[in-house]
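A.B. asks: One predicted model, sequence on top.
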Amino acid sequence: MPFDFALRNLALSHDGRLLFSTRSFRLFAYGFLSVVLMIYLAKIGLNETQIGLLFTLALVGDTVISFWITTTADRRGRRRMLIVGALLMVFAGGLFATTDNFALLLIAATIGVISPSGYEVGPFLPIELAALSHIVPDERRTRVFAWYNLAGSFATALGALFGGVTAQALQGFGMTPTGSYRVIVVAYATVGLMLGYLFMRLSDAVEVPHYSDPSISSPKLGRLLGLDKSRVVVLKLSALFSLDAFAGGFVLQSIVAYWFHVRFNVQPAALGAIFFGANILAGLSALSASWVASRIGLIRTMVFTHIPSNILLILVPLMPNLFLAITVLLLRFSISQMDVPTRQSYTMAIMGPDERSAAAGLTGIARTTGASLSPVFSGPLLASPALLNMPFFLSGGLKIIYDLLLYRSFRNLKPPEEKGTSVPQSS
């Protein structure tokens, strides 16, 4: 198996392998759900405006929960907080599967963990990145993160494919469309239970040694949200990442799937195939990021690959037919994720070990906050035939602005592997 070979080549410990597994199972569930989620909500009686509000509150709630979990994970225990996140995933999936009451769905979306995008939500990613950074040397960090993202992208791709095919197959066997989509939601909740079990098997090696006992307090963690010298850098990164995520929130995977369904009448099985290919390409682009970053640096890789990707995003709705729209979308995904492992690696590199969970959590929360605001605007845009394509234009344009601001602000602040010096801790 290619991934088995890769994991051996990366020399990951038992905990590292477990973290790769939890990432894969989680992203499979997110992809599995995202292809049909918006169609499912429409089938049970919600309109586009309500769905947009639901997605926004899902991401807002995720922000609040993640804020609490990630900023206390180094003190209360990373493993413990990951288990809490898994239980919240079970809660959200279970309630989405059992009710069509809008108020209850809002509660599930706000308190629980559910992914309308097909990508990471919840407290999992920041804590897993901090744990991996703790058990992986600096010189291998970007490479490990690249494979970690590749595993997630492949899992999302398989999830999207199986989600669409499963729904279509169940309908072929006589199940109603709504019933077939509900099966997908139940499966999502079941994966949450599996994650909880896997997180329980992590060892104390993933914890910050000094704070693995939750009764021990930390002076640094008692300062501003677990940050000390890295505070200003983290706040700057958070503001920029929030802008990028706000732009991305206009084109969540569920929204793009719905756009293809409305614009070209694409059915669930075909939607699954489209996003299977898209996420496979995204994963390969993430893997190539390590090679590029070793030659031009993390910041340049983040910016110089992201701008062409966003130009392609703007071009998708301008295509006159389904074939060309899919082609441009796939081209976009072929370079779209090269900034992800480099962004994660850069953020971890410029932090001290006892600030990594907090820094990853706060920058992740900033991204979730930004992403939570845009779906509420996307819903009304999608409901208007004249404005159906606007989410793509807004997303691509704002992301290019983010790229330019990021390069201007951080091109001179280099990680230790590019400087050969100790971790920078100044603002």
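C.D. replies: Everything's here; your move. Keep in mind the model is a prediction, meaning the values are calculated, not measured.

A.B. asks: Look at the most far-flung residue of the chain relative to its centre and tell me its secondary structure.
C.D. replies: Most distant from the centre of the chain: residue 174, at 34.2 Å, with distances by Cα atoms, centre = their mean. Counting by DSSP: H, G, I helix; E, B strand; the rest coil, the backbone at residue 174 sits in coil.

A.B. asks: And it, how close does it get to residue 180?
C.D. replies: 10 Å (Cβ to Cβ, to the nearest Å). Quick note: C-beta positions are derived from backbone N, CA and C, even for glycine.

A.B. asks: Kindly report the same for residue 134.
C.D. replies: In terms of Cβ to Cβ, residue 134 sits 42 Å off from residue 180.

A.B. asks: Show me what the helix or strand hosting residue 154 is packed against.
C.D. replies: Per DSSP states H and E: residue 154 is located in helix 138-172. Helix 138-172 sits against helix 2-9, helix 14-43, helix 124-135, helix 177-200, helix 268-296, helix 339-349, helix 416-419, with contacts defined as 3 or more Cβ pairs under 8 Å, 6 or more residues apart in numbering; DSSP states H and E.

A.B. asks: how many neighbours does residue 103 have?
C.D. replies: 8 (other Cβ atoms under 10 Å).

A.B. asks: dump the residue contacts of it.
C.D. replies: By Cβ atoms under 8 Å, 6 or more residues apart in numbering, no residues touch residue 103.

A.B. asks: That one - that's part of a strand, no?
C.D. replies: No. Going by three-state DSSP, the assignment for residue 103 is helix, not a strand.

A.B. asks: neighbours of residue 56, just the number please.
C.D. replies: 23.

A.B. asks: Same check on residue 45?
C.D. replies: By other Cβ under 10 Å, the residues close to residue 45 number 11.

A.B. asks: I figured residue 73 was touching residue 129, is that so?
C.D. replies: No. Residue 73 is beyond contact range of residue 129, at 11.2 Å (criterion: Cβ atoms under 8 Å).

A.B. asks: And the two? Which one has more around it.
C.D. replies: residue 73 (30 against 27).

A.B. asks: ok, the more buried one to residue 360 distance?
C.D. replies: Taking Cβ to Cβ, one finds residue 73 at 9 Å from residue 360.

A.B. asks: joint contacts of the two?
C.D. replies: 126-127, 130.

A.B. asks: can you list those in CSV and add pLDDT, distance to residue 109 and neighbour count?
C.D. replies: Shown next, in CSV, are the shared contacts of residue 73 and residue 360 (pLDDT from 0 to 100; distance: Cβ to Cβ, whole Å; neighbours: other Cβ atoms under 10 Å):
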residue, pLDDT, distance to residue 109, neighbour count
126, 83, 20, 31
127, 88, 22, 29
130, 84, 26, 27
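
A.B. asks: Can you report phi and psi for residue 100?
C.D. replies: Backbone torsions of residue 100, given as degrees, to the nearest 10, read phi -120, psi 10.
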